[in-house]
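Undergrad: Based on what follows, work out the 3D shape:
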Amino acid sequence: MLYSDFISPQTKFFQLPQPFQLESGEALTEVRVAYRTWGHLNAEGNNGVLICHALTGSADADDWWEPLFGLGKAFDPDRDFIVCSNILGSCYGTTGATSINPNTRIPYGASFPEITIRDMVHLQAKLVEYLGIKSLRLVIGGSLGGMQVLEWAVLYPEKVQAIAPIAAPGRHSAWCIGLSEAQRQAIYADPNWQGGNYSSEKPPTQGLATARMMAMITYRSWQSFSDRFGRQHEASDEFAIASYLQYQGQKLVERFDANTYISLTRAMDNHDISGGKQNYESVLASIQQPTLVVAIDSDILYPPVEQQELVSLIPNAQLAWLKSTHGHDGFLIDMTALNELVVSFRKGLDLTDSVY
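TA: Numbers count the residues shown, from 1 in each chain. As a prediction, the model looks like this:
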């Protein structure tokens, strides 16, 4: 499988000149970051906007968040220098399990070291520095992207002027950890898994497809599936919802890697803004940036109670509701409404340009 086939021709690459230290203590060498940009950096270097993508996303933010791009919209290339990079550990150009290990000259596969959300953010910070960005007007992202956003506020407060975590928690719940583990077990049960050392000719496609099917159920809602599928049958006499889930599973198999899925879901499970060493409440209370926390009313994966907790603990936070019947994926479906929430938030910031 050639994951390069899914990398936009507009994607650029940044090669780190030095080893990259991970939280685990291990170091990666010859690390590469795939990224895209829109707009231009101003002379002061302070008009950066960083978009953080979700689990199986990529740097092509103008594709999956297209309605948020344009004149007067959340991301305006005439005003902002917008950056989105493929995260550490993924399979769309940034170093991860599908990358060649420079020590062995074969792909890392299951030997790719454990990574964290903080590792992802530290690597993004290297890219931001390389691009000459001195200050980020906004760091924004949904789901796994929202977890990165929160870490940006804690790890690099001097660089971040405002944040917008969307449909994301401050730490992964037992509910989400359990769901992730069930999905990983589906991959492990695949006959082609072989401890993660599978060949490109025989990847664990059924296991990964099943994991995606499980995930898709949590990405949507009871109302969404009821409205769209009900108890309809296909011509094959199969339930329409069953056909849909199988289709979604196959689509992911065609563009994603099982080792990558395991690596990233483990990083999400370990997500805890306190790092597991500090007081959770006090760490969130230390975030001083103006914060837009977006909750989706029908989200069963990261339910609104988690976003309400963030707002109660972050001093300068405001809660915005994205009303959607589509569940967690609402931030990728009801994008016109999401754009309005982000534009309104940015208008209210003292640091915004007069273009608003």
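Undergrad: Doesn't Leu245 belong to a helix?
TA: Yes: using DSSP: H, G, I helix; E, B strand; the rest coil, the secondary structure at Leu245 is a helix.
Undergrad: Is it in contact with Met213, as I believe?
TA: Yes: the pair Leu245 and Met213 qualifies as a contact (Cβ atoms under 8 Å) at a distance of 4.3 Å. C-beta here means a position set from N, CA and C on the backbone, and glycine is covered the same way.
Undergrad: where exactly do the strands run in the stretch 251-356 of the chain?
TA: In the stretch 251-356 of the chain, the strands defined using DSSP state E, counting those that start in this stretch lie at 291-296, 317-322.
Undergrad: could I get these as JSON lines with mean pLDDT?
TA: Listed next are those as JSON lines, based on pLDDT from 0 to 100:
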{"stretch": "strand 291-296", "mean pLDDT": "98"}
{"stretch": "strand 317-322", "mean pLDDT": "98"}
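Undergrad: Quick one: closest of these to Arg36.
TA: strand 291-296 (23.0 Å; Cβ to Cβ).
Undergrad: how big is the angle separating the closest one from strand 317-322?
TA: On the basis of axes from the mean of the first three to the mean of the last three Cα atoms, to 10 degrees, strand 291-296 is oriented at 30 degrees to strand 317-322.
Undergrad: Can you tell me the strand partners of strand 291-296 and which way each runs?
TA: Applying DSSP bridges, strand 291-296 is found paired with strand 163-166 (parallel), strand 317-322 (parallel).
Undergrad: Can you say which of those is packed in most?
TA: Most buried of these by mean neighbour count (mean count of other Cβ atoms under 10 Å) is strand 163-166; its value is a mean of 28.
Undergrad: any idea of the mean pLDDT in that strand?
TA: Averaging pLDDT along strand 163-166 gives 99.
Undergrad: what's the offset of that strand from the middle of its chain?
TA: Distance, stretch centre to chain centre, for strand 163-166: 12 Å (Cα atoms, centre = their mean, to the nearest Å).
Undergrad: Ok, stretch 217-232 next?
TA: Remark: stretch 217-232 is offset 24 Å from the chain centroid, using Cα atoms, centre = their mean.
Undergrad: Likewise for stretch 38-53?
TA: 19 Å.
Undergrad: same deal with stretch 280-289?
TA: Relative to its chain's centre, stretch 280-289 lies at 21 Å (Cα atoms, centre = their mean).
Undergrad: Over to stretch 320-329?
TA: Centre to centre, stretch against its chain (Cα atoms, centre = their mean), the figure for stretch 320-329 is 17 Å.
Undergrad: Would you indicate which residues of that stretch are buried?
TA: Under the neighbour-count criterion of 16 or more other Cβ atoms under 10 Å, stretch 320-329 has Ala320, Leu322, Ser324, Thr325, His326, Gly327, His328, Asp329 buried.
Undergrad: so the third one touches Ala295, yeah?
TA: No: because the distance of 10.3 Å does not satisfy Cβ under 8 Å, Ser324 is recorded as not touching Ala295.
Undergrad: tell me the domain boundaries of this protein?
TA: 3-173+270-347, 176-268 (automatic domain parsing).
Undergrad: So for the first one, first residue to last residue, what's the gap.
TA: The one in question is domain 3-173+270-347. End-to-end span of domain 3-173+270-347 (Cα to Cα, to the nearest Å): 39 Å.
Undergrad: Tell me where the model's unsure across the stretch 251-356 of the chain.
TA: Across the stretch 251-356 of the chain, the ranges flagged by pLDDT under 70 are 350-356.
Undergrad: Helices along that one, start to end?
TA: Along the stretch 251-356 of the chain, counting by DSSP state H, counting those that start in this stretch, helices occupy 258-269, 280-285, 304-313, 330-333, 335-347.
Undergrad: Let me see the contact set for Trp285.
TA: No Trp there; residue 285 is Ala. Taking Cβ atoms under 8 Å, 6 or more residues apart in numbering as the criterion, Ala285 is in contact with Leu313, Ile314, Pro315.
Undergrad: Over to Gly132?
TA: Leu41, Gly45.
Undergrad: ok, now with 10 Å
TA: Counting by Cβ atoms under 10 Å, 6 or more residues apart in numbering, Gly132 makes contact with Leu41, Gly45, Gly48, Phe81.
Undergrad: do the same with Thr37
TA: 10-12, 48, 59, 77, 81-85, 131, 133.
Undergrad: Past the strand or helix carrying it, which element shows up next along the chain?
TA: For Thr37, the element it lies in under DSSP states H and E is strand 32-38. Remark: after strand 32-38, the chain's next helix or strand is strand 48-52, criterion DSSP H and E.
Undergrad: Output that next one as CSV, nothing but the C-alphas.
TA: Output of strand 48-52 as CSV, limited to C-alpha atoms (Å, rounded to 0.1, in the frame of the first residue of the first chain):
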residue,chain,number,x,y,z
GLY,A,48,0.0,32.2,12.4
VAL,A,49,-3.0,29.9,12.8
LEU,A,50,-2.4,26.3,13.5
ILE,A,51,-4.9,23.6,12.7
CYS,A,52,-4.6,20.2,14.4
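Undergrad: now for that strand, which elements pack on it?
TA: strand 32-38, helix 61-64, strand 81-85, helix 117-130, strand 136-142, helix 144-155, strand 163-166 (3 or more Cβ pairs under 10 Å, 6 or more residues apart in numbering; DSSP states H and E).
Undergrad: For it, which strands pair with it and how are they oriented?
TA: Strand 48-52 is paired, per DSSP bridges, with strand 81-85 (parallel), strand 136-142 (parallel).
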